[in-house]
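[1] test case, fold it:
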Amino acid sequence: MSAERGARASISRSLLHGLVGWGCLLCIAAAVVVTRLHTAEANRAPLPMVTASLSAGQHREWASFPDYHRRVPVLMYHSIGGKASYLTVSRKLFAEQMRALKVAGFHTLTIEQYAHFVKHGYRGLPSRPILLTFDDGREDAYRAANDLLQAYGFHVTELVVPAWVTGHPHFSLSWSQLQQMAHTSTWNVQLHFGYGREEIRWNQAGDTGAAFAYQQYFPGQNGEPGHEETFAQYQKRIASNMEWGERQLEKKVPGYKPWSMAIPESDYGQAGTNDPRIPPFVLSWLDRHFPVVFGGDYLDKAVGRRFQIAGRYSPRLSYRMSIGPQDSLAVLHCRLMNYLHRVAIWKEYACQQLAGIAPSVLADTRPPIHPHAAVSNGPPPPPQQQPQPHPARLPGANIDVRSIRGPRVVIGSRPGWRIVIRARRGSSAGTPPRHG
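    Numbering: from 1, shown residues only. Next up, the predicted model:
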């Protein structure tokens, strides 16, 4: 009997020890999971802000920026403090630019205020109004800019691609971050476009172009010939893309209202298309569904584009100033002054010379950075470029585009900084740019 009791006691002790051991293991596992979650959350949290000061001369220049009311310049940012590219602004430069805007007395608008301006005019706007936009829903931009923008009381419009939120988690903001942003007065979350690549294949040769600018070409399978989508199929593709994106934001972002969108690659077919019905369809469809339609930089112009909207601003298409690593305070000040005083657009190309950019860099054009795969750790580097023609050695400030005729070549520091010039007989220039 005593032996049986001893065996039972031994079993009980073993079970107790086992339960205690498993409990400890579960506690340790839970602690590891919680630690990893906190670490992951910390790795996505806003970074401490970088402060910047202006020199005495810069402070005087920006503090004396003239007052204005009847126009609203729009700045377009992409990456801030991310991997170096022609779209990446350093945290220091961004801090300097925001400090300069604050010193100058600019008032940043909400997207609702800007939409009211587009539809009803300037009445009710604050002095020196300006709109700040961030494209692609990039996490690096949010983390680098959030605390600084909040400190200055600035408003920003963030244009996101809902499919990239889960498809590119190391590139895009998460839904929880977007929801947190929507609860603040700093960020207005808006739609860029719904899903997919910004470029598609549009012909049998394998050429690619902006997704909204071309009817897509599908290569043949199993010996069958390839085919191009019909115009009706194109219309359905664009409408379905945008409507899906709107539904995602309506479901997951508190208080979302469709005030605006930004055309992928800023190309609705004005730079080239395989169906002339596309540009008017895109603009009319978007205008019916969004009060504000954002395009690219108004300096991204070329001669002979049938569907190109002229000028710096149109109620149908809000052009923007694309901000990159070469856009120093001097360049930004120059462009804003030109915008304010309505200086001829062709003269505004001279502003980039204030950055001291080498001619070889001015002649280098690069494609946008965007995801190419269904799942990846973020956008890949841009593809290698073909050798460029020898740049024409003419200062942009002295070229009057109104007098240009004949063969052309495009030069510029990046998309958004381009101008066309006439090729000289016997020169290497004169090959028309790839989409007109």
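[2] for Ile200, grab phi and psi.
    Ile200 adopts backbone torsions of phi -130, psi 160, taken as degrees, to the nearest 10.
[3] okay, now it: neighbour count?
    19 (other CB atoms under 10 Å). Using the backbone N, CA and C atoms, a C-beta is placed for each residue, glycine as well.
[4] that one and Tyr86, how far apart?
    Using CB to CB, to the nearest Å, we find Ile200 at a distance of 22 Å from Tyr86.
[5] low-confidence ranges in the stretch 251-400 of the chain?
    Filtered on pLDDT under 70, the stretch 251-400 of the chain yields the residue ranges 357-400.
[6] show me where it has its helices.
    Here the stretch 251-400 of the chain has its helices, by DSSP state H, counting those that start in this stretch, at 278-289, 329-340, 345-348, 359-362.
[7] next, the buried residues of the first one.
    Right, the one you point to is helix 278-289. 278-279, 281-283, 285-286 (16 or more other CB atoms under 10 Å).
[8] out of the residues you listed, give me the two with the largest separation.
    Among the buried residues of helix 278-289, the pair separated by the greatest distance (CB to CB) is Ile278 and Leu286, at 12.2 Å.
[9] now the common contact residues for these two.
    Tyr268 (CB atoms under 8 Å, 6 or more residues apart in numbering).
[10] in stretch 206-224, what's buried?
    For stretch 206-224, by 16+ other CB under 10 Å, it's 208-217.
[11] any chance of CSV for these, columns secondary structure, pLDDT and distance to Pro126?
    Output for those, formatted as CSV (DSSP: H, G, I helix; E, B strand; the rest coil; pLDDT from 0 to 100; distance: CB to CB, whole Å):
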residue, secondary structure, pLDDT, distance to Pro126
Thr208, strand, 95, 43
Gly209, strand, 95, 40
Ala210, strand, 95, 35
Ala211, coil, 96, 37
Phe212, coil, 97, 33
Ala213, coil, 97, 36
Tyr214, coil, 97, 41
Gln215, coil, 97, 44
Gln216, coil, 97, 44
Tyr217, strand, 97, 48
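[12] which among these gets closest to Asp267?
    Ala210 (3.5 Å).
[13] and which of the buried residues of stretch 206-224 is nearest Phe117?
    Phe212 (24.8 Å).
[14] and the closest one, what does it touch?
    Taking CB under 8 Å, 6+ apart, one finds 193, 238, 263-265, 267-269, 278, 282 in contact with Phe212.
[15] Arg13 and Gly21, how far apart?
    Taking CB to CB, one finds Arg13 at 12 Å from Gly21.
[16] any idea how far Trp268 lies from Ala115?
    Heads up, residue 268 is Tyr, not Trp. 19 Å.
[17] so which of these two has more stuff around it?
    When Tyr268 and Ala115 are compared for neighbours, Tyr268 comes out ahead with 27 against 19, by other CB under 10 Å.
[18] would you confirm that the more buried one contacts Ser284?
    No. Using CB atoms under 8 Å, Tyr268 makes no contact with Ser284, being 10.4 Å away.
[19] tell me which residues touch the spatially closest residue to Arg138 that is not a sequence neighbour, please.
    Residue nearest to Arg138 in three dimensions, not counting chain neighbours: Ser79, with 5.6 Å by CB to CB, 6 or more residues apart in numbering. For Ser79, the contacting residues are 85, 87-89, 138, 140-141, by CB under 8 Å, 6+ apart.
[20] the residue nearest the centre of the chain: what's it in contact with?
    Central residue of the chain (CA atoms, centre = their mean): Asp135, 2.4 Å from the mean position. Neighbour list for Asp135: 76-78, 159, 192, 262 [criterion: CB under 8 Å, 6+ apart].
[21] closest one to Cys334 out of the residues you listed, please.
    Met76 (16.9 Å).
[22] surely that closest one is within a strand?
    Yes. Checked against DSSP: H, G, I helix; E, B strand; the rest coil, Met76 lies within a strand.
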